[in-house]
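Trainee: any chance you can model this:
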Amino acid sequence: METHELNRINQDKAYVDPERLLRNVTMLMDSNPIRTALEVCKQLVSESVYAVIVSHPLNGDLSPAAVSYTSGFYHIPVIGISSRDSAFSDKNIHVSFLRTVPPYSHQADVWVELVKTFQYSQVIFVHSSDTDGRALLGRFRNNAQNHEDDKDIKVEMVIEFEPGLNEFVDHLSELLSSMQIVILLYADKQDAAKIFHDASYFNMTGQGYVWIVTEQALSSKGVPVGTVGLKLVNASNQDAHITDSLYVLAGALKKLHEKENTTNSPPKDCDNTGSHWETGKVLFKYIQNEVLENGLTGKVAFDESGDRINAEYTIINIQEDESSHTKRKGVPVGEFIYNKTEKSMTLDVDVSAIIWPGNTSVKPQGYMIPTKLKVLTIHEKPFVITKPINSPAECMGDGNVPCPWFNTTGDVDKLFCCSGYCIDLLIKLSQKINFTFELALSPDGEFGSLVMKENSTKKEWTGLIGELVNQTHGADMIVAPLTINPERDQVIEFSKPFKYQGVTILEKKQPRLSTLVSFLQPFRNTLWILVMVSVHVVAVVLYLLDRFSPFGRYRLAGAEAAEEDALNLSSAVWFAWGVLLNSGIGEGERSPLHLRNPMENFTYATVKGSSVDMYFRRQVELSNTVSYTHLDVYKRQVSCVLECVMCPGLRNPMENFTYATVKGSSVDMYFRRQVELSNMYRTMEGNNYDTADEAIEAVKRGDLKAFIWDSSRLEYEAAQDCDLVTAGELFGRSGYGIGLRKGSPWADRVTLCVLEFHESGYMEELDNKWILHSPNDDCDTSDKAPATLGLKNMAGVFILVAAGVGIGIGLIIIEIVYKKHQIKKQRRLELARQAAYKWRGYIEKRKNERASMLLQRRIKSNGLNDPSLISLSLEAAHLGAAGRPDSGGMSSFPPTASAIAASAVATGGAAAAMQLPTMLPPPPAPPMSIPLSSPMSLPLDVPPAPAPPSSRRANDLRQRQVSTLEDRLPPPPPPPAGVDAQRFVSSYKSLYGPDRPDLVA
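Mentor: Model (predicted):
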């Protein structure tokens, strides 16, 4: 037949040049691969063949490999027509091998389309641990994940077995624990028969299961009814494959001679091991790129590995033979063919014609909902409270469920009795949607986080999440206070939240002790010192500026103010404090003139006013601190933790203040995920605890200042212990959800049930029962009072005011005592002055008396009448003028002394006036002076009397005094009879000066 087809090709000018006709050499293949290799050298290579078309012997599959090795050594192209092992796709071994049949692994392309058509999303993959089995799994996964409609098909479980099975029971027990019942099987005939046999004992070939198998398994014994398999079209039609291969070779050779100028002849023997046929490499590329559109086996084309693509398959369904129920037959129900219009492979399946396992025409759902679930939980009060027990009989009662803990690090397992919020929810849930459960505790005691695997760059989940993802112990559900977050939601299925909560801080309650200096806490001590120093520095600067300023009071031209009215240092301090305390400066207060510039005054007042305003603002903020606490340093540190969480601007952790959370928890992920909280996370990372119980105990002992955790647990702890309190508002709000495996059929049912529980009020009942219930009714409720500043907080202010009042009263008392002392001293000085004035009055009186007596004698001696009236009147006027301060004299006698002297003069003058006509005025006597060194001199503390004026100045004074008295004194009498008028005038002149001649007239 090969010769007949070759002749037809030689006559077709489209494929063969008439000058270069094709001829063939035929060799029967031996089942022994060594003899086959020798025959290739002897019969084929010696004939200088350009290419080899190889089939396979009736028994043995190694002969085609021997032909490929031998021909490939000289780069002679080989086209296989029956070899389907995936090993021939390796070009490192079979460098020049191509084939017109696809490898077994290409059946994965059809499987993906079948699963998609049947609308299954999860499958179980069972394959032998050979090259074809692994290649089939890899190709299936790649095609399933890169599907055009983005409906990924997940391989839920992979079971790999060694070829040559004796039994498959152990592997089938793993399949029984899975909810997925769509099984993809790759195995040879013998292994497939064993698998089907064992599966029938577990009723896994009956109704509800789906089996999709390859060609080898489809032809095995005991294939169950309802199995769907594949069959390659024209797989056994070797004549068709030989014909297609000849046309492909003819077309490639013609293009080689047309496009390549020179071609080397192929080798003629196998003795020359060092020679390689370079033209063979080029010919291989031409064959690989050759496409036969209308071949007998369909469209013939090759991929980069030389494997046939666009191979066509028939979909076979195993059904019972109508004539005999014990026999089975394969019924075609569809095909996978090349569509020339769309230029792609298409699947056409009549689903209604398929008989499924159990001999039913109803397509299975693809998954089986188990009625018994394995549920995992974790110890976390009040949601799950555990108590160690010795036997399950000790855990009998309402709301109690036995929950063993499987130790992963040892052989000792422990049994616990679980109760709490989540246990009640689980029991209610199982009764509502009808399932039974087996409860167990988390093996490693963690909720689960994504960590780097040891000695690997791959990350894996730990804790509860890892158990559900990795299926280490076959967990179906997690009922625990499991926080829903984006990382976990990617790998497991969450129900709607059954509890909404957030993150808060737990701290140990501190006694409300407010110091007397609490009102000073808004500013640090250093700042208070700087404020006090700055006030006095400003006062000194103001004083110096006003002192040396050309516009100050000391330098203003024409200023009439005395020096004591200028700005002194005490006034400057008073001014600075007045501006600082916002008390204002009165109109009578002294202020620096150089500060009358509005800008300077405004700047200083603004700076000091801002300080005062900032103080009171900070005081108000501290009165409203988180957790309604008193104003002390500890509470402000807890408040700063909250500010770090909720305010992006405050990120520096405090000194000597420790805070932490639980390792690998959702709170730990929250801080790790927030970039702005990286400083806080690095600080608390080294302080984190393994469990929440350890952290809470550390808070009670005082080793940990603040524990950041879920609000539900912390509210429970605060309700149980009066010494604990939660601080601040919630942040990082989230919810607790029930975790299930991805694609779990229970997900929708659990979610609907949880929503129903919320609407019916059952979740609120659980909150009141387990979280909000407090056994300590005698806790002090005063700490829950609104945050207001009381006397304890501001007592220091009132004490400071009382101290100021006391100091003021003390200063007033000192001033009163000092003033009384000054008054006594002033009284003594006044008495001394009065005594001095009285003494001087006596002296002046005696002086006047002596002057009057002397004048009388002179008048008598001159025969004149008594002129003492004039003399005494003038003396009185003289004394009065000398005692007035506005007369320009130096006398400082008070008005009392003047009155005494005037009275004495008036008395003496009246007596003398009666004798004036009979007395002659004596010559004027020189004025008398009192020596200061006399025994009757004044005391030391009395100022001395002013020195008498000079004669001329005194004469002028007397003249002015007389002229002022002329208007009110009677004119002097005329000289007595018999008295010489000239002598009378000269006597007056000697007394009062030469400028009064009109007195005689």
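
Trainee: check which helix or strand covers D198.
Mentor: When elements are assigned from DSSP states H and E, D198 belongs to helix 189-201.

Trainee: what do you get for K387?
Mentor: Secondary structure (DSSP H and E) places K387 in strand 385-388.

Trainee: ok, that strand: who's next to it in the sheet?
Mentor: Strand partners for strand 385-388, identified by DSSP bridges, are recorded as strand 414-419 (antiparallel).

Trainee: buried residues in the helix holding D198?
Mentor: Buried residues in helix 189-201, defined by neighbour count with 16 or more other C-beta atoms under 10 Å: 191-199. No exception for glycine: its C-beta is placed from N, CA and C like everyone else's.

Trainee: these two touch, right, V16 and L22?
Mentor: Yes - V16 sits in contact with L22 when judged by C-beta atoms under 8 Å, with a separation of 6.0 Å.

Trainee: pull up the overlap in contacts between the two.
Mentor: 9-10, 250 (C-beta atoms under 8 Å, 6 or more residues apart in numbering).

Trainee: out of the residues you listed, which are inside helices?
Mentor: Counting by DSSP state H, the part of the shared contacts of V16 and L22 found in helices is 9-10, 250.

Trainee: partner strands of the longest strand seen in the chain, with direction?
Mentor: The single longest strand within the chain, with elements called by DSSP state E, is strand 324-339. Looking at strand 324-339 with DSSP bridges, its partner strands are strand 313-321 (antiparallel), strand 344-349 (antiparallel).

Trainee: list the contacts of the first one.
Mentor: It stands for strand 313-321. Here strand 313-321 makes contact (C-beta under 8 Å, 6+ apart) with 107, 110, 114, 218, 223-233, 327-336, 347, 349, 353-355, 359.

Trainee: pLDDT of stretch 225-242, averaged?
Mentor: Within the predicted structure, the mean pLDDT of stretch 225-242 is 92.

Trainee: how about it: buried residues?
Mentor: If you call a residue buried by 16+ other C-beta under 10 Å, then stretch 225-242 has these buried ones: 225-232, 234-235, 240-242.

Trainee: ok, stretch 485-504 next?
Mentor: Within stretch 485-504, the residues scored as buried using 16+ other C-beta under 10 Å are 485, 488, 491-495, 497-499, 501, 503-504.

Trainee: dump these to TSV, plus secondary structure and distance to E717.
Mentor: What follows is the buried residues of stretch 485-504, written out as TSV (DSSP: H, G, I helix; E, B strand; the rest coil; distance: C-beta to C-beta, whole Å):
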residue	secondary structure	distance to E717
N485	coil	23
R488	helix	25
V491	coil	31
I492	coil	28
E493	strand	31
F494	strand	26
S495	coil	26
P497	coil	21
F498	coil	20
K499	strand	16
Q501	strand	14
V503	strand	14
T504	strand	11
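
Trainee: helix, strand or coil for H758?
Mentor: The assignment at H758 comes out as helix when based on DSSP: H, G, I helix; E, B strand; the rest coil.

Trainee: scratch that, E160 is what I was asking about
Mentor: E160 falls in the strand class when you classify it by three-state DSSP.

Trainee: go on, E293?
Mentor: Per three-state DSSP, the local secondary structure of E293 is strand.

Trainee: report the contact partners of the nearest residue to it once chain neighbours are set aside.
Mentor: Excluding the flanking residues, the one nearest E293 by C-beta to C-beta, 6 or more residues apart in numbering is K299, at 5.8 Å. Under the criterion of C-beta under 8 Å, 6+ apart, the neighbours of K299 are 291-293, 310, 338.

Trainee: any quick ChimeraX command for the buried ones out of these?
Mentor: The buried subset of the contacts of K299, as determined by 16+ other C-beta under 10 Å, is captured in ChimeraX by this line:
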select :292,310,338
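
Trainee: distance to D668 and pLDDT for the contacts of K299 - can I get that in CSV?
Mentor: Written out in CSV, the entries for these read as follows (distance: C-beta to C-beta, whole Å; pLDDT from 0 to 100):
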residue, distance to D668, pLDDT
V291, 59, 92
L292, 63, 91
E293, 62, 89
N310, 54, 91
Y338, 55, 91
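
Trainee: looking at the contacts of K299, which one is closest to D546?
Mentor: Distances from D546 to the contacts of K299, taken as C-beta to C-beta, are shortest for N310 (105.4 Å).

Trainee: roughly how far does the closest one sit from V115?
Mentor: When distance is defined by C-beta to C-beta, to the nearest Å, N310 is 21 Å away from V115.

Trainee: cool, V479 as well?
Mentor: Look at V479 and V115: by C-beta to C-beta, they are 32 Å apart.

Trainee: likewise for R134?
Mentor: Counting by C-beta to C-beta, the gap from R134 to V115 is 19 Å.

Trainee: same check, this time on I492
Mentor: Distance of I492 to V115, given as C-beta to C-beta: 23 Å.

Trainee: and L724, by the same measure?
Mentor: For L724, the distance to V115 (C-beta to C-beta) stands at 56 Å.

Trainee: same check on V213?
Mentor: V213 is 13 Å from V115, where distance means C-beta to C-beta.

Trainee: which residue of those two possesses the greater neighbour count?
Mentor: V213 (28 against 23; other C-beta atoms under 10 Å).

Trainee: quick revisit: from the buried residues of stretch 485-504, pick the one nearest M179.
Mentor: Using C-beta to C-beta, the shortest approach to M179 within the buried residues of stretch 485-504 belongs to E493, at 12.3 Å.

Trainee: least trustworthy helix or strand in this structure by mean pLDDT?
Mentor: helix 895-913 (a mean of 41; mean pLDDT, DSSP states H and E).

Trainee: and the end-to-end length of stretch 335-354?
Mentor: Length of stretch 335-354, first residue to last, C-alpha to C-alpha, to the nearest Å: 13 Å.

Trainee: in that stretch, what's buried?
Mentor: Buried-residue list, stretch 335-354, by 16+ other C-beta under 10 Å: 335-338, 345, 347, 349, 354.

Trainee: and this structure, what are its domains?
Mentor: Dividing the chain into domains by automatic domain parsing, as the record does, gives the ranges 2-102+237-309, 518-556+566-622, 629-736, 840-999.

Trainee: worst average pLDDT in those domains?
Mentor: Checking each of those, the one with the poorest mean pLDDT is domain 840-999, at a mean of 52.

Trainee: list the contacts for the nearest residue to K154 once chain neighbours are set aside?
Mentor: The shortest distance from K154 to any non-neighbouring residue, by C-beta to C-beta, 6+ apart, is to Q122 (4.9 Å). For Q122, the set of contacting residues under the criterion of C-beta under 8 Å, 6+ apart consists of 153-156, 180, 182, 366-367, 743.

Trainee: any of these buried? List them.
Mentor: Members of those that pass the buried threshold by neighbour count (16+ other C-beta under 10 Å) are listed as 153, 155-156, 180, 182, 366-367.

Trainee: what are the buried residues along whichever strand or helix holds R682?
Mentor: When elements are defined using DSSP H and E, R682 is found to belong to helix 678-685. Using 16+ other C-beta under 10 Å as the burial criterion, the residues of helix 678-685 that qualify are 680-681, 683-684.

Trainee: please apply the same query to stretch 661-676.
Mentor: Under the neighbour-count criterion of 16+ other C-beta under 10 Å, stretch 661-676 has 661-662, 664-671 buried.

Trainee: which ones among the residues you listed lie within helices?
Mentor: Among these, the members falling in helices (DSSP H) are 666-671.

Trainee: of the residues you listed, which is the nearest to S55?
Mentor: Using C-beta to C-beta, M669 is the member of these that sits closest to S55, with 61.4 Å.

Trainee: quick check, that closest one in contact with N485.
Mentor: Yes - distance between M669 and N485: 6.0 Å, which falls inside the contact criterion (C-beta under 8 Å).
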